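Peer 1: structure here, sequence nowhere to be found:
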């Protein structure tokens, strides 16, 4: 990790100046996409327009058409930070692992093809990681609708202890808003499970492997809610139940038993009451996969 230089700014000077002076770990932004959408260009632009420009941007086009691949190549020619990778396997976990393998950054910054980064996202993450070398770091997110209008917000547990305690009953990270230490991800063998729940599987294995985890209270991403996004049905909740059962068998105890029971109840309710897992109001939502 590169060492941050001595900070000479006073507390009365603008926070953005402090962000700009920090030299922290190298970062790779990773994004997977398999088809065009009305928000793709905005998502990509929000990465390229960061106030801190010291990063690489890897995009995996998975199981896409030739027409969409041509569209991405046109976009990539506009900025040398972008590196495109095309695969024929339409599975998020596989393609995230491929990007992790190809990335050169010490940390991997997740991004989805329909969300929007705050302009200071990279700078804020780098500043925090320079002094808090975590394995997984997330942030709060703003919820926006298809037209980009704010409809609410989601905050998450901030500390390691709070995250672990909450894990058995709620979403503890918004997957597209996290940054993950690349070597840690490689050490635990990358993303492993689920068509819909690869993030939940990762958080559970991270806990078991004593990952250093945290969330920032800062809103660093706008998470878009729209009719065509991928919202898992009963399969996703069944997968989460299986992940928790694995944890219970590997680490029997009250914590994993509680998590397993809650996950199974959610899966049953999702099957019997299909609307129970959808967004119920402007402040409730599902960030990432089934949980």
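Peer 2: Perfect, thanks for sending it. Remember, predicted model here, so these are calculated numbers, not experimental data.

Peer 1: may I see the buried residues of the helix or strand hosting residue 74?
Peer 2: Using DSSP states H and E, residue 74 maps to helix 66-76. Buried residues in helix 66-76, counted by 16 or more other C-beta atoms under 10 Å: 68, 71, 72, 75, 76. (Glycine included, C-beta is placed from N, CA and C.)

Peer 1: cool, stretch 30-46 as well?
Peer 2: Buried, per 16+ other C-beta under 10 Å, within stretch 30-46: 30, 31, 32, 33, 34, 35, 39, 40, 42, 43, 44, 46.

Peer 1: also stretch 238-251?
Peer 2: In stretch 238-251, counting by 16+ other C-beta under 10 Å, buried: 238, 239, 240, 241, 242, 243, 244, 246, 247, 248.

Peer 1: for the strand with the most length in the chain, name the packing helices and strands.
Peer 2: Assignment by DSSP state E gives strand 213-224 as the longest strand of the chain. With contacts taken as 3 or more C-beta pairs under 8 Å, 6 or more residues apart in numbering; DSSP states H and E, strand 213-224 sits against strand 116-117, helix 121-131, strand 136-144, strand 150-154, helix 160-166.

Peer 1: and residue 224, which of these is closest to it?
Peer 2: Closest to residue 224 of those, according to C-beta to C-beta: strand 136-144, at 5.3 Å.

Peer 1: paired strands for that closest one, with orientation please.
Peer 2: strand 150-154 (antiparallel), strand 179-181 (antiparallel), strand 213-224 (parallel) (DSSP bridges).

Peer 1: can you tell me which helix or strand residue 192 belongs to?
Peer 2: According to DSSP H and E, residue 192 maps onto no helix or strand at all.

Peer 1: ok, now the one 10 residues further on?
Peer 2: Using DSSP H and E, residue 202 sits within helix 198-208.

Peer 1: how about the helices in the stretch 1-150 of the chain?
Peer 2: All helices of the stretch 1-150 of the chain, identified by DSSP state H, counting those that start in this stretch, fall at 15-21, 40-48, 66-76, 92-102, 121-131.

Peer 1: nearest to residue 200, of these?
Peer 2: Using C-beta to C-beta, those put helix 92-102 closest to residue 200, at 11.6 Å.

Peer 1: just checking, what packs against the closest one?
Peer 2: strand 27-33, strand 55-62, strand 82-87, helix 182-187, helix 198-208.

Peer 1: how about these in JSON lines, adding mean pLDDT?
Peer 2: Compiled in JSON lines, the helices and strands packed on helix 92-102 are given as follows (pLDDT from 0 to 100):
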{"stretch": "strand 27-33", "mean pLDDT": "98"}
{"stretch": "strand 55-62", "mean pLDDT": "97"}
{"stretch": "strand 82-87", "mean pLDDT": "97"}
{"stretch": "helix 182-187", "mean pLDDT": "98"}
{"stretch": "helix 198-208", "mean pLDDT": "96"}
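
Peer 1: which one of these lies nearest to residue 167?
Peer 2: Of the helices and strands packed on helix 92-102, nearest to residue 167 by C-beta to C-beta is helix 198-208, at 6.3 Å.
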